[in-house]
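[1] need a 3D model of the sequence below.
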Amino acid sequence: MKILLLLLPAFCASAVAELEWRNFENADKTKSFQGRLVGYDPLTKKVTVQRQSTLRPVTFKIDLLSKEHRRFVESRAVELEAAGGLRMMFYESVQKVGSARTGSTKTSTYDGGYKIEIRNYLRRAIQDVSVDYLIIYRKDSTNGNGTRSIKRGSRNLTALVPNYDENIVIGGIPLTSYYKAGSVTAVAGST
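    Modelled structure (predicted):
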């Protein structure tokens, strides 16, 4: 029984670092380049920016940036630290909930879903976390592609504690497997 399930997670802390390309200027505003802020280490005062022209990360001292851009980088320090210290794992879960036999056909029903495991590797808790998810799957796919269905949801977490797994379980995706006696293969689908 194989069903196409697609999980599209969207993870955001209280405010997520901007991912758009922006213009970065040097301290005296004579040179600039397009880039995306991807890292900042407040201890060493080093910034990492992905250049749009080469898509390669470049690391340099924050003092090389203009005053406005230094403020922008420093205002995103907490978000960048959080993004670098999180791991997300996705596990598919399928549990059999019943079966029935009609003539030469056996039908089994399952509850399908996912488990999202989030681990904070930082030394401090990350507060006010929201996890939004979108699962796209096919229904009635025993004859062709079937129809597309979507399951959306959101979970608000008070905090992600350091070195502790936070689990979000998403269920409620009904799956059905049909097996006709004497056939070599089983036909799978969801209902």
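[2] hey, let's count contacts and neighbours off CA atoms from now on
    OK.
[3] helices of this protein, residue ranges please.
    67-75, 77-84 (DSSP state H).
[4] what sits up against the first one?
    The list of residues contacting helix 67-75 from outside it, by CA atoms under 8 Å, 6 or more residues apart in numbering, reads Phe24, Glu25, Ala27, Leu37, Tyr40, Pro42, Val47, Ile62, Asp63.
[5] residues of that helix that come out buried?
    His69, Arg70, Val73, Glu74 (16 or more other CA atoms under 10 Å).
[6] does Ile150 really touch Leu134, like I thought?
    Yes. If you go by CA atoms under 8 Å, Ile150 and Leu134 touch, sitting 6.9 Å apart.
[7] domain ranges for this protein, per the record?
    According to automatic domain parsing, the chain is divided into the following domains: 5-13+86-190, 22-75.
[8] do you know how far Thr30 is from Ala77?
    As judged by CA to CA, to the nearest Å, Thr30 and Ala77 stand 25 Å apart.
[9] hmm, I was thinking of Arg87
    Separation of Arg87 from Ala77 (CA to CA): 18 Å.
[10] again with Asn145
    46 Å.
[11] looking at those two now, which is surrounded by more residues?
    The neighbour count for Asn145 versus Ala77, taken as other CA atoms under 10 Å, is higher for Ala77 (16 against 11).
[12] shaky segments in this protein?
    For the chain, the stretches with pLDDT under 70 are 1-19, 141-144, 182-191.
[13] and if we set it to 50?
    For the chain, applying pLDDT under 50 flags the ranges 1-18, 184-187, 190-191.
[14] just the strands in it please.
    Counting by DSSP state E, one finds strands in the chain at the ranges 5-12, 22-25, 32-41, 46-51, 57-61, 86-102, 105-120, 126-139, 147-160, 165-180, 187-190.
[15] buried ones in stretch 52-70?
    Buried, per 16+ other CA under 10 Å, within stretch 52-70: Pro57, Ile62, Leu65, Ser66, His69, Arg70.
[16] would you format the residues you listed as TSV with distance to Arg51 included?
    Listed next are the buried residues of stretch 52-70 as TSV, based on distance: CA to CA, whole Å:
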residue	distance to Arg51
Pro57	6
Ile62	16
Leu65	14
Ser66	17
His69	15
Arg70	17
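[17] what is the nearest of these to Lys96?
    Among the buried residues of stretch 52-70, Pro57 lies closest to Lys96 (CA to CA), at 47.1 Å.
[18] right, and Ala100 touches Thr176 too?
    No. Using CA under 8 Å, Ala100 makes no contact with Thr176, being 10.9 Å away.
[19] shared neighbours of those two, which are they?
    In terms of CA under 8 Å, 6+ apart, Ala100 and Thr176 are both contacted by the residues Thr107, Ser108.
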